[in-house]
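> Provided below are the primary sequence and the corresponding predicted coordinates.
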Amino acid sequence: MSETIKKGYEIETMMVTKDNINKFEVMENRRQIGEYHVRNILASLGRGKNSMGVIIVNRKQNRIRLIDGNHRIEALR
C-alpha cells in the first residue's frame, strides 16, 4: 500500500483587484511574455468573457510570487 505524501501548502481563493494586482511579483526566470497572447486575453475580457481561470502563486512572508498566469496578469494590468 502506498503512503500519502502531504505537501506543506494551503489552497486559498483570492480576487485579483486594482488594489492588489501590483503586489504580484514576477519571477526573474519567467518565460517571455507574448504580446499577441496578452492582447487576445484582453480582447476576450472586453467581450465580457472571463478567461482568467486559476492563477498559481507562491505566498511566503507577505510576498505573492506569480508561478502560473503571467499573460493573464499582464492583460489585467
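Thanks, I have the structure now. Residues are numbered from 1 along each chain as shown.

> longest helix in this protein, by residue count?
As assigned by DSSP state H, the longest helix anywhere in the chain is helix 35-46.

> so what does the next helix or strand after that one touch, helix or strand wise?
Using DSSP states H and E, the helix or strand that follows helix 35-46 in sequence is strand 56-60. The elements that strand 56-60 packs onto, with contact taken as 3 or more C-beta pairs under 8 Å, 6 or more residues apart in numbering; DSSP states H and E, are strand 63-68. For glycine as for every other residue, the C-beta is placed from the backbone atoms N, C-alpha and C.

> what does the helix or strand just after the strand it packs on contact?
Downstream of strand 63-68, the first helix or strand assigned by DSSP H and E is helix 70-76. Applying C-beta atoms under 8 Å, 6 or more residues apart in numbering, the external contacts of helix 70-76 come out as 16, 21, 24, 26, 30-31, 33-34, 37-39, 41-42, 45, 51-53, 55, 66.

> what mean pLDDT does helix 70-76 have?
Model confidence over helix 70-76, given as mean pLDDT, is 88.

> okay, buried residues for it please.
Going by neighbour count (16 or more other C-beta atoms under 10 Å), the buried part of helix 70-76 is 70, 71, 72, 73, 74, 75, 76.

> make TSV out of the residues you listed and add distance to residue 7.
Formatted as TSV, the buried residues of helix 70-76 follow (distance: C-beta to C-beta, whole Å):
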residue	distance to residue 7
70	23
71	26
72	24
73	24
74	28
75	30
76	28
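
> tell me which two of these sit farthest apart.
Distance extremes for the buried residues of helix 70-76: the farthest pair is 70 and 76 at 11.0 Å, using C-beta to C-beta.

> one step back: of the contacts of helix 70-76, just the buried ones, PyMOL syntax please.
Remark: buried members of those, expressed as a PyMOL selection using 16+ other C-beta under 10 Å:
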select buried, resi 16+24+38+41+42+55+66
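
> list the contacts of stretch 53-63.
12, 16, 24, 25, 64, 65, 66, 67, 68, 69, 72, 73.

> just the pLDDT for the first one.
Think residue 12. 82.

> same check, this time on the third one
For residue 24, the pLDDT comes out at 89.
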